[in-house]
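S.K.: Here is my input, please return the structure:
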Amino acid sequence: MLLLSACNIGEIGSESSQPASDDQRVTISFAASDNQRDTYTTLAQRFMAENPDIRVAIVSLDELWDTVPDAALDSAIHQLRHLVSGTDTVLLSGYYIAPDAYNTNLLYNLQPLMEADASFEITDIYPGILVRFESEQGIWALPREFRMPILYYNKALFEQHNLAEPTADWSWDDLVDTAEQLASPSGNEIGTYGLAEQSQGLDSLMAFLQEQEIDLLGTPLAEWQLEQGDIQSLTTQMRTLMESGAISLSPIPPGQYDIDAPRWPQQWIIEGRMGMWSSNQFWREKYHADGSSEPVELNYEIGVVPYPASVQNLFQEDASGYVISGGTQHPNEAWRWITFLSEQPRVQPLLSEADDDIAYLPIPARRSLAEDEALWSRFDSGIREAYATVLQGLNDPSAPSTPRSGVSSALFHTVYEASVQTATNDGVTVEKALADAQSRLQEQLVLIEREPEPDLSPIVVAEPPQEASPDGTLVRFGIPTYQMGQMRATVQTFQQSHPDINVQLTPIDSDRRQIDIQTAAEATDCFSWSAPPQPDDLETLLDLQPLIDADSSFTQDDILGALFTPYQHDGQLYGLPYAFSVDALYYNQSAFDALGLDAPTIDWSPDDFLNTAQLLTDSEATDVVYGYVLESSIYSDLVFFLSRSGVQLTTGSGIDFRPNFTDPAVVEAIQWYLDLALVHGVMPEPALDYRRSETPDDSELTAAPGMWFGGLNTSYEFPQTVPLDEEESVESSEDSVQIPPFEVNIAPLPLNNGALTTDDFAVRGFHISAETPNPQPCWEWLKFLSQDVNNLRNELPARQSLFDDPTLVSQSPGAAAIIELYRDVLMQPSEPGATSGVFATLEMYWFFKALDDAIQGEQDLGEGLAEAQEMSVAYLECLNANEAAARAECAVLVDLEYDGFLVDAEE
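M.R.: Just a heads-up that it's a prediction; the model follows:
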C-alpha cells in the first residue's frame, strides 16, 4: 500500500496561481460535529482562499454517527469503516483509529504524503505523540492533540512510609512495589490504599500481561487457556494486590450503582488515605466530600509523575488525529487540508487564568502550537517533566499498541472479572474463578463465530451534498443539535426550489444544553423554539404579522387559532406555530360499561370529573380500584385543574415577576386537587419528584384504573399493569399481581364548555430575530418549513392541511383521534393559563415542598405555600440583584437546606 500510494503523489505544497473554475476544482469532504460547523466553515473558507483549486465540503459528523448500523456499535473498526465511507477527512479519537485498520483499505497511509511534502516539518510533531499512530507499514493519522494521564501522589504518605518520591524513569515493577508499601491493611479494613485508577485494576492487569510478555490479546480466542500457569499466577497476584489495598477497588460491587455510596475514591483522597491516583479521572484537581457540591482543598502536598514508560501505550485513546479515508479519490488535496488544520491554534484558549484543572489538558501535537499557547509556564516542574518524558518519545516505542477493537478486547474482561471476583467474594478460589471464566469464554465463542468479520474491502467516499449557491442570501437557522439530521434533508429540498436562499443550520445549544431564547435570537437570523416567548424576550423577536399580511400565498386560517395566542402580545405576532401536543382523557371503557356510565364529554366540569371518579373508585376491594391516576408526573394534571379555576400562580414580569402562591384562590384550587387523594380517595397519594436526594416511590397499582390524562401515543402501561391489546393477563414483574386486560377509549379533557387555555397544550414554533438583515428570506424558509411533517417529534401539526398527510398518519396513527376531540375549540383563540410559563422561569422546589408537606400531613397547605412564597421571592431578588449569580447559588443562599436539582445541574 505504501508503494501504491507513493506512485500517485506529485509535488505536494505547490498551490495554483490562478483561481480555478467550479468545474476545475477538486472537492474533498471533512466531517465536523454540528456544534463546530461554523468554526470549520470559517477555516475552510480561509483554506480555499489560499488553495483555489480545492473545495472543502463540510459534512455532518453527527449525522454519520447517527447512521452507524446497530451491528457496528460495539466495534471500533466497524464504526471507522462507516465514518470513512462518508467523508474524505475527519478528526478522530485514537480509540477509533484502531490498529486493526492500519495497512487496510480503511485508512490512507500518510507517510508517503509527508515525505513528498517539502513544506511539512515532521520534527514539529512531538515524537511521543506521532508514535501512537505509526506502524511498520506507515503513519495512519496526523496527530492533533494528546491527553496524557499522569499519576498524582500523596507526598505525606510517601514520607510516612519512608519511600523515595517516584521519578520519570521508574518502571512498572517500581510502581507496583510502591503501591504495596503504601497499602496498610488492618484486618477487614484498609487504612491506606496504594493506587486508584478508573478501570479499578483493568489497566493494571493489562500492564502485568505486557510486562510479562503474555500476548493474550494477540492470541486467537479459540486458543485462550485461562487456567494455564502464567494466567493463574497473574490472577493470584492481582487478587493479593486488591485484597491488600495496593490496587483499590470501589466499595460498590461490580455492575451495581448506589447513589448513597461515598464518592469513591474522592473521600479517601480527601482523608489522606490514597497513595497514588490517576489524573484522567473525575477526581482531578478538585475534590468533593460526600454530599458536598463545593470542592475541598487538600491539607497535604501532592506530586506528579508519568506512568512508567513501558505501559504508556495503554492510553492510546487519549490521542486524537486527522485521518484520510482509504477510499478518497483526492489524497494530495486531502493532505493539504488536514495539514492546514493541524497548524491552526485552538479556537478557545487552552487555559483561562482561573483554570485550576491543568493535569489532564489536551496538549497540541505540534511544538509550535504548544509554545505559542504558553502552556508550559502554567505547569509546575513535576508536570513539565512528566510530559517531557512522553512527548519527546522517551517512553518505550517498542511496546505493542493495545488493540481497541474486536472481541479480544471485550473478552479480556473475563480474566479481569476473575481477578475481581476472587478479591471480593470469600470462598472463591483463583482456580474456580478462572475455570468459570473459561466456561463463559467457550459460550461466547459460539456466538462470536456467528458474527461477521470486519469488512476491510475497498471503499469509495460518498459524494458530499451539493452546496447552495454562494451568491444566495445567507439565512442562519437555529435548532438544537439533535434535530439537525432530519432538518438537513428539509433544507436540501427547500434550496432546490429556492436557490437564491442559503439556509445554514446553526446549533443553539451550549455543550448540548439549550440556551435561552434571547441568546438564540442574537446568534441566528431565525430559529425554532420549544416554548412560547416570555415578555422579556419580545424585544429580541420580529413581529411576523406584517410579513403574513403582505404574503398572499400564506393562509393564516390554515393554522389553528388557539395556537396563535401564546405568540400574540399587544396586537403583534412573535412566532409562527409549527407543532403542538395536547392531553386527552383516557378512560377504562370496560369499567364505564360495567357501571352504565356515559362517556366523558368536553363540557364536563371539575366536579363532574370528581363525581365520576368516585363512582369508579372501589376502596374496599381487595385490590383497590382508583377512579383517577397519574400517568406520569403531577405537573400537567395539576396545571390543567388550576387553569379551570381561573387562578394565576404568578404576577408581573421582568424584575416585577413574583409568585402568587398565597392568593386564597390559589390555595383553594390546589387543595381541591390534593383532596382527590387526601379526602375523596379517588387517586393514590401523588409522589412528587422534587428532591435530588430522594427518588419518589410511586404507588403500586393492583387494579385497572378508571381515568388518566395522556398525550399522543401515550403508553397504556402503568406500573404493574399490562398492554391493553393482549388477550390474556400477564405479570408485569415477578412480584406484581396480574391485572386483566381492559378496553381503553379517549375523550376530551373536561373543559366545562370553555376554551382551551395556554396551559392545556404545548406548542413549538419558529421565530425571526429582530436584528436579522434578511427577514424576507427567513420568512420564505419558515413558511416552507411549517408545511413539512417530517420534523414533528411525537407532535401534531399546527396546519390543518397536514392532518391527513400520509406521513403523519403512518408515524402517528393516533393523531386523527386526538385532533377530532378538539377540532372546534382549537379553531378558536385560547385563553391565558394559570402558570404563564412559571415552571420554566421559577425554581419550583419550595412550591412542591409545600404540596408534599401537605400530602404527608406535616404542614397545612396554606402555611407551606406562604413559606414557598417567601423563599421564592428571596430567590428572585437574589437573581435580580446579581445577574452573574448562578441559579443554584441563589437557591442555596436563601435556603441552606435546599435539596432541589439546580445544584446537580450547575455544580
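S.K.: which stretches of the stretch 501-650 of the chain form strands?
M.R.: For the stretch 501-650 of the chain, applying DSSP state E, counting those that start in this stretch gives strands covering 501-507, 509-510, 513-514, 526-529, 568-569, 572-573, 576-582, 584-588, 650-651.
S.K.: before we move on, what about the stretch 51-200 of the chain?
M.R.: Counting by DSSP E, counting those that start in this stretch, the segments of the stretch 51-200 of the chain that form strands are 54-60, 89-93, 134-135, 138-139, 142-147, 150-154, 185-186, 189-190, 193-196.
S.K.: Tabulate these in TSV, adding columns for mean neighbour count, distance to residue 860 and mean pLDDT.
M.R.: For glycine as for every other residue, the C-beta is placed from the backbone atoms N, C-alpha and C. Output for the strands of the stretch 51-200 of the chain, formatted as TSV (neighbours: other CB atoms under 10 Å; distance: least, CB to CB, whole Å; pLDDT from 0 to 100):
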stretch	mean neighbour count	distance to residue 860	mean pLDDT
strand 54-60	21	56	93
strand 89-93	22	57	94
strand 134-135	16	73	90
strand 138-139	22	74	96
strand 142-147	22	56	89
strand 150-154	23	53	86
strand 185-186	12	53	76
strand 189-190	14	49	78
strand 193-196	26	50	88
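S.K.: just so I know, which of these lies nearest residue 818?
M.R.: strand 54-60 (33.3 Å; CB to CB).
S.K.: ok, that closest one: who's next to it in the sheet?
M.R.: Strand 54-60 has its sheet partners listed here by DSSP bridges as strand 26-32 (parallel).
S.K.: Now do the partner strand and strand 89-93, the angle between them.
M.R.: Orientation check (axes from the mean of the first three to the mean of the last three CA atoms, to 10 degrees): strand 26-32 against strand 89-93 gives 20 degrees.
S.K.: What lies in contact with strand 26-32?
M.R.: Strand 26-32 has contacts (CB atoms under 8 Å, 6 or more residues apart in numbering) with 39-40, 44, 53-61, 64, 83, 86-90, 328, 330, 333-334, 337, 461, 464.
S.K.: Mind giving me the packing neighbours of the lengthiest helix in the chain?
M.R.: For the chain, the helix reaching the highest residue count under DSSP state H is reported as helix 861-881. Judged by 3 or more CB pairs under 8 Å, 6 or more residues apart in numbering; DSSP states H and E, the packing partners of helix 861-881 are strand 658-659, helix 664-678, helix 845-855, helix 887-894.
S.K.: returning to that earlier point: looking at the strands of the stretch 501-650 of the chain, which one is packed in the most?
M.R.: Of the strands of the stretch 501-650 of the chain, the one with the most neighbours on average (mean count of other CB atoms under 10 Å) is strand 526-529, at a mean of 25.
S.K.: Quick one: residues in contact with that strand.
M.R.: Here strand 526-529 has contacts from 475-480, 483, 506, 508, 517, 520-521, 575, 578, 764-769, 772, 778, 781-782, using CB under 8 Å, 6+ apart.
S.K.: before we move on, back to that, can you put the strands of the stretch 51-200 of the chain in a markdown table and add distance to residue 750?
M.R.: Below are these laid out as a markdown table (distance: least, CB to CB, whole Å):
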| stretch | distance to residue 750 |
| --- | --- |
| strand 54-60 | 46 |
| strand 89-93 | 55 |
| strand 134-135 | 71 |
| strand 138-139 | 71 |
| strand 142-147 | 58 |
| strand 150-154 | 62 |
| strand 185-186 | 67 |
| strand 189-190 | 62 |
| strand 193-196 | 59 |
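S.K.: Where does the prediction get shaky in the stretch 101-250 of the chain?
M.R.: Along the stretch 101-250 of the chain, the model assigns pLDDT under 70 to residues 187, 198-202, 215-221, 249-250.
S.K.: Which parts of it are helices?
M.R.: 111-116, 127-130, 155-160, 172-182, 202-211, 229-244 (DSSP state H, counting those that start in this stretch).
S.K.: ok, the residue sitting furthest away from the middle of the chain to residue 616 distance?
M.R.: Within the chain, residue 596 marks the point farthest from the mean C-alpha position, 49.5 Å out by CA atoms, centre = their mean. In this view, residue 596 and residue 616 are 12 Å apart by CB to CB, to the nearest Å.
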